[in-house]
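Novice: Could you work out the structure for the sequence below:
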Amino acid sequence: MSVFRTTIPADPHDEPMIQLLAPDGTRAPHEELDAALSHVTPEDMRGFYRGMVMVRAADLEATSLQRQGQLGLWASALGQEGAQIGAGHASRPQDYFVPTYREHGVAWARGIEPMTLLEMFRGISHCGWDPQQLRTHPYMIVLGAQTPHAVGYAMGLQRDGVVGTGDPGTDAAVLALFGDGTSSEGEVSESFTFAASFQAPVVFLTQNNQWAISVPTTVQSRVPLAQRSRGWGIPSVRIDGNDVLASLAAVRIALDAARAGQGPRYVEAVTYRMAAHTTSDDPTRYRPAAEEEDWARRDPIQRLRLHLQQLDEFDDAFAARCDEEAHDLAMRLHHHIHAMPDPDPIAMFDHVYAEPHPLVAEERAAFAEYAAQFEDDETTEATR
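Specialist: This is a model prediction of the structure:
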């Protein structure tokens, strides 16, 4: 029996949560998920650990840079590294990712440099990477708006004949990522409708980090989020999102099914947002400290470290190397962002459309005229 279910338990709250790594690092066997992890080596797991450490260091430095006035905003993924690194490494090169604005671990796994992410939050670039080359859509700020795009792209893959051919180097799928708050948006339900109707090769991954800004998941949904997609006939599973191996296995199984032409899948990864929703938020106003302390004991990085130690595949030298690399990355980010010039506001009108657009040209001219008056004021002040 597959971990992906289409039925709801008699008591909806009896929904199982799949976990391979317990918080103390012990590994539980699971026939189906173990098969999906059969080629994962200790060296791979050390790579997952390093990736999570690097992403967390970049995340903390980005928050610091925003506090220094170097970034306009930052959305932290602190605590969600396990779900993201696992999902990012579950894909094949031809798969396409559609993220929101918090998928820093996924970006790392796809080869997107943290510098590029910070440039976007500074306002220097609209994206900074080639979505087709790295097979990753630009970050989306408008929550839920990206899920119809993900389904549309998946339907395009069907029409291009790269789904269900049996060729592992050609068949492709789409991974759409969003949080528990976004799962309440209407666009997500509409995306489920189209994905189910057309059996599109798309996997929806919700990182349930317990809080949609200040609204807890228990208020957003009276039943586990994994059950939502089943009303559309989309099989789903609930996993421990702080378990990088469970995330890797579940998303890999889901993507394999989607590529094979078996239709969409949905994964709910139960995790926790250790930091604020964004740097404009104060979680102490709505979140109890005891809850934060409880989830800190389930840290995905510490969990994998303990597991590797139990396998005798982790030593102090490796840990020191990872910490040193993470520190160097944070310093590079710091100097890179501090050295960048302020963005030119007029650049916001660039690349809005692929071709010139009369309304954008009109708005650009109006803004240039508005900005010019401040330049005149500065010139007058300088000559006094």
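Novice: show me where this structure has helices.
Specialist: 31-36, 42-67, 81-88, 104-109, 114-122, 146-159, 186-198, 217-220, 244-259, 289-296, 300-310, 316-338, 358-382 (DSSP state H).
Novice: Reformat those helices into a markdown table and put mean neighbour count and distance to H137 next to each item.
Specialist: All C-beta spots, glycine's among them, are computed from the backbone N, C-alpha and C. Formatted as a markdown table, the helices of the chain follow (neighbours: other CB atoms under 10 Å; distance: least, CB to CB, whole Å):
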| stretch | mean neighbour count | distance to H137 |
| --- | --- | --- |
| helix 31-36 | 15 | 25 |
| helix 42-67 | 20 | 19 |
| helix 81-88 | 31 | 14 |
| helix 104-109 | 26 | 11 |
| helix 114-122 | 21 | 13 |
| helix 146-159 | 20 | 7 |
| helix 186-198 | 18 | 14 |
| helix 217-220 | 14 | 25 |
| helix 244-259 | 26 | 16 |
| helix 289-296 | 12 | 29 |
| helix 300-310 | 21 | 24 |
| helix 316-338 | 14 | 23 |
| helix 358-382 | 10 | 22 |
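Novice: so which of these gets nearest W232?
Specialist: Across those, W232 has its closest neighbour in helix 186-198 (4.1 Å, CB to CB).
Novice: Tell me which other helices or strands that closest one touches.
Specialist: helix 146-159, strand 202-208 (3 or more CB pairs under 8 Å, 6 or more residues apart in numbering; DSSP states H and E).
Novice: Can you say which of the ones you listed is nearest to P12?
Specialist: strand 202-208 (15.1 Å).
Novice: on that earlier part again, compare the mean pLDDT across the helices of the chain and name the weakest.
Specialist: Across the helices of the chain, helix 358-382 has the smallest mean pLDDT, namely a mean of 84.
Novice: what's the distance between that one and the middle of its chain?
Specialist: Computed by CA atoms, centre = their mean, to the nearest Å, the separation of helix 358-382 from the middle of its chain amounts to 38 Å.
Novice: what residues does that helix touch?
Specialist: With CB atoms under 8 Å, 6 or more residues apart in numbering as the test, helix 358-382 has contacts from 345-346, 349, 352-353.
Novice: Can you say which of those residues are buried?
Specialist: Buried subset of those (neighbour count, 16 or more other CB atoms under 10 Å): F349.
Novice: quick one on the thing from earlier: to A226, which of the helices of the chain lies closest?
Specialist: Closest to A226 of those, according to CB to CB: helix 244-259, at 10.6 Å.
Novice: helices or strands next to that closest one in the packing?
Specialist: Helix 244-259 packs on helix 31-36, helix 42-67, helix 81-88, strand 174-179, strand 202-208, strand 236-240, strand 265-270, helix 300-310, going by 3+ CB pairs under 8 Å, 6+ apart.
Novice: pLDDT score assigned to G128?
Specialist: Confidence score, pLDDT, at G128: 81.
Novice: let me fix that: R273
Specialist: Note for R273: predicted pLDDT of 97.
Novice: residues contacting it?
Specialist: Counting by CB under 8 Å, 6+ apart, R273 has contacts 76-80, 209-211.
Novice: what would the residues you listed look like in a markdown table with distance to V163, neighbour count and pLDDT?
Specialist: Below are the contacts of R273 laid out as a markdown table (distance: CB to CB, whole Å; neighbours: other CB atoms under 10 Å; pLDDT from 0 to 100):
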| residue | distance to V163 | neighbour count | pLDDT |
| --- | --- | --- | --- |
| S76 | 35 | 22 | 97 |
| A77 | 30 | 27 | 97 |
| L78 | 36 | 19 | 97 |
| G79 | 34 | 26 | 98 |
| Q80 | 29 | 32 | 98 |
| N209 | 31 | 25 | 97 |
| Q210 | 34 | 18 | 97 |
| W211 | 36 | 23 | 96 |
